[in-house]
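In: Starting from these lines, generate the structure:
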Amino acid sequence: MKNRILWMLPVAACAAALATVSLAGQGDPSYTSVAANKRAAGYAPSSILSPELRQAFVAQGSMPLENPDGIVGWYGYENTAPTPTNPALPQMVPGTGAPMTEAQKTEPDKNVYLHIDGQHGPDAGYDYGDHFLYQGHEAGASVTGGKQGLITRINLDADSAHRVTLLADKDATGQPVQAIDGITWDPWAKRLLLTTENNNAPTYSATLDWPSQVVDISGALGRGGYEGIQDDSDGNVWIVEDVGGSNKPGTTARRPNSFLYRYVPQRKGDLAHGKLQVLQVMNAGHPVTFESQAALNAPDQVALRTYGQSFETRWITIHDTAVDGSTPFQANALAKTAGGTPFKRPENGVFRPGSGFTEFFFDETGDTNATSPENGDPLTGAGGAGGWTSIFKLTQNDPSSSTGRLSLFYEGNEAVAGLDNVTFLSRNLITFVEDAGATLHEQRNALDSCYIFDVSRDYSHGLQPVRWLGLGRDPSATLDAANGGFGVNEDDNEITGVHVSDGNPGANGILGARVPDVSQKKWRWFYTQQHGDNFTWEVTPASRGGDNNGGGDD
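Out: The predicted structure follows:
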């Protein structure tokens, strides 16, 4: 395979099949750009994958859990609507009678891959292997405090009867685990860290093995519309918030309302004692605040999304357990009071491998509506205020620095919009995936896609990323889209949980510590096709052959 990357020509960004041009790579394989899938009523297209890649599912929503608990009994379903002929089974496909009903889908979300020995499960005599994929679930039946969430583990070496284990659906006090969004592994705390994207719900830590002990850590890390969560090499925990702001009067443009946080523990792995900080960005000598972005296309808002600009940043402490105690608190309100800089639904971020945790890339999903007056040009995104989507680069001297610089890496357009999850494929190649939503899908006549960017390149002159996946829409999601999810579920499929890791559970295994190489079997690449049938997929280079489920060699 030639060491090159195939890139799209800028003006063809909205075309179904985009022209490509070859640029010199840095030892990376080529990825051919593919077409986006069309959206039409009743149309359920299969996904389109770059010819250099293959994928195989490792779990799907209809798989039964090996250890069900009440209505929580399947990887992607809760039995809130039993089938007419057997109440022990959920109605996964609505019947023909009125009213048509459908069981609640659990929506498995972000993924964490670990290669680790000595894990257990409900079957004491079974060898569960040593390759595992962990995820929280972000939807569920109504329970006290929100929605019934759960934590599952896909046992990648296991047979179908032991394939998916329910690690927990209740916390250590016996309360229902709330719906979960973000997840990461903290090697110093030896806990999974889980976010709930709910200002009133806990931020959790959870032990790794079955049965998992889940505890509320929001007395130190706070509560918010938290989504992305990531450790750095100093043991700090970076949190990206996704809280949709109110619409600016008379428009579909949303006011920036979400923040970037950093939890600084007293010592690595301490999830009870430390400081929560919010990022503040300075523009022309003044902070960019919630108030300064109230107007349509506010100058501060446009400035941050202008190529070639660089802005000073600093971290401001908004909560310190040594001073403020350990009662759970809402971070969003404190961030606004302290003059933190809100973004337009920033969802996830990751450190660049090989940067010594000095370069942090994060996205904002934007308004996910083609009518937003803050979108900018539909082909290039120029002149906008983050309506389509934006990718930012935060640079610091070290991960614990109190100051840094923020710059725009990429401004989206109609074809590349609503970016959400992110992971690095190599030192320079980063993939962002779309969560554009059904409204924008219909407006642009295209479903979600996954894109590869080269962070060593300049995107300010119209260069566009490679689309390695044009997501399809499975029949279940197509049926939901035509019927409003039957009042309980989402519609079009969404891409989430994109994740590349070698599974190392130590400090050297956190994302950004080592440079990924997906040509090697030990580096594994996953994503979840959320909504509908809720498939979780493993992606492999075609050059590696049929080793999707073969495990890693370390």
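
In: Please count neighbours and contacts with C-alpha atoms only from this point.
Out: Fine.

In: Just the CA coordinates for the strand or helix carrying T439, please, in CSV.
Out: Counting by DSSP states H and E, the element that carries T439 is helix 437-444. Extracted in CSV, the C-alpha atoms of helix 437-444 (Å, rounded to 0.1, in the frame of the first residue of the first chain):
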residue,chain,number,x,y,z
GLY,A,437,-29.3,14.8,13.4
ALA,A,438,-32.4,14.0,11.3
THR,A,439,-33.3,17.6,10.5
LEU,A,440,-29.9,18.4,8.8
HIS,A,441,-29.9,14.9,7.3
GLU,A,442,-33.2,15.8,5.5
GLN,A,443,-32.1,19.3,4.6
ARG,A,444,-28.9,18.2,2.9
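
In: next helix or strand past that helix?
Out: Sequence order places strand 449-454 as the next helix or strand after helix 437-444, per DSSP H and E.

In: what's in contact with that next one?
Out: For strand 449-454, contacts defined as Cα atoms under 8 Å, 6 or more residues apart in numbering pick out 36, 428-434, 464-471, 495.

In: V500 and T395: what is the separation?
Out: To T395, V500 is 22 Å away according to Cα to Cα, to the nearest Å.

In: who has more neighbours, the two?
Out: V500 (26 against 22; other Cα atoms under 10 Å).

In: looking at it, the more buried one is touching W523, isn't it?
Out: Yes. With contact defined as Cα atoms under 8 Å, V500 reaches W523; the gap is 6.7 Å.

In: which residues do these two both contact?
Out: P516.

In: Any chance you could list what contacts stretch 252-261?
Out: 225, 238-248, 276-279, 290, 293-294, 296, 332, 335, 340-346, 366-367, 369, 371-374, 387.

In: Among these, which lie within helices?
Out: N332, A335 (DSSP state H).

In: Show me which of the contacts of stretch 252-261 are buried.
Out: Among these, those scoring as buried are 225, 238-245, 247-248, 276-279, 290, 293-294, 296, 332, 335, 340-346, 366-367, 369, 372-374, 387 (criterion: 16 or more other Cα atoms under 10 Å).

In: taking these one by one, which sit in strands?
Out: W238, I239, V240, E241, L276, Q277, V278, L279, P346 (DSSP state E).

In: any chance of the residues you listed in JSON lines, with distance to I180 and pLDDT too?
Out: Output for these, formatted as JSON lines (distance: Cα to Cα, whole Å; pLDDT from 0 to 100):
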{"residue": "W238", "distance to I180": "17", "pLDDT": "98"}
{"residue": "I239", "distance to I180": "14", "pLDDT": "98"}
{"residue": "V240", "distance to I180": "14", "pLDDT": "98"}
{"residue": "E241", "distance to I180": "13", "pLDDT": "97"}
{"residue": "L276", "distance to I180": "21", "pLDDT": "98"}
{"residue": "Q277", "distance to I180": "22", "pLDDT": "99"}
{"residue": "V278", "distance to I180": "22", "pLDDT": "98"}
{"residue": "L279", "distance to I180": "24", "pLDDT": "98"}
{"residue": "P346", "distance to I180": "17", "pLDDT": "95"}
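
In: of the residues you listed, closest to V518?
Out: Nearest to V518 among these is W238, at 25.1 Å by Cα to Cα.

In: separation between that closest one and P505?
Out: Noted for W238: a distance of 18 Å to P505, by Cα to Cα.

In: what does A179 give?
Out: 25 Å.

In: do the same with Q277
Out: In terms of Cα to Cα, Q277 sits 26 Å off from P505.

In: Kindly report the same for T85.
Out: 45 Å.

In: Which one of A179 and P505 is surrounded by more residues?
Out: Each of A179 and P505 has its neighbours counted (other Cα under 10 Å); A179 has more, 31 against 17.

In: who are the neighbours in contact with the more buried one?
Out: Neighbouring residues of A179 by Cα under 8 Å, 6+ apart: G136, H137, E138, A139, G140, G146, K147, Q148, G149, L150, T196.

In: The first one: neighbour count?
Out: As a burial measure, G136 scores 30 neighbours (other Cα under 10 Å).

In: I figured it hits K110, correct?
Out: Yes. Between G136 and K110 there is a contact under Cα under 8 Å: 6.6 Å.

In: Now for those two: what residues contact both?
Out: Listed as contacting both G136 and K110 by Cα under 8 Å, 6+ apart are D181, G182, I183.

In: hey, what's the last one bridged with?
Out: The one in question is I183. I183 has the following beta-bridge partners by DSSP bridges: L194.

In: Can you give me the pLDDT of it?
Out: I183 carries a pLDDT value of 98.

In: what's around it, how many residues?
Out: I183: 26 neighbours (other Cα under 10 Å).

In: what sits against the nearest residue to P328 once chain neighbours are set aside?
Out: Spatial nearest neighbour of P328, excluding adjacent residues (Cα to Cα, 6 or more residues apart in numbering): G219 at 3.9 Å. Counting by Cα under 8 Å, 6+ apart, G219 makes contact with A272, T321, G325, S326, T327, P328, F329.

In: So which of these is the closest to G383?
Out: Once Cα to Cα is applied, the member of the contacts of G219 that ends up nearest G383 is F329, at 37.4 Å.

In: Can you tell me how far that closest one is from D377?
Out: For F329 relative to D377 (Cα to Cα), the value is 40 Å.

In: Between those two, which is the more surrounded one?
Out: F329 (21 against 15).

In: Verify the contact between that one and R223 for me.
Out: Yes. Using Cα under 8 Å, F329 is in contact with R223, at 5.9 Å.
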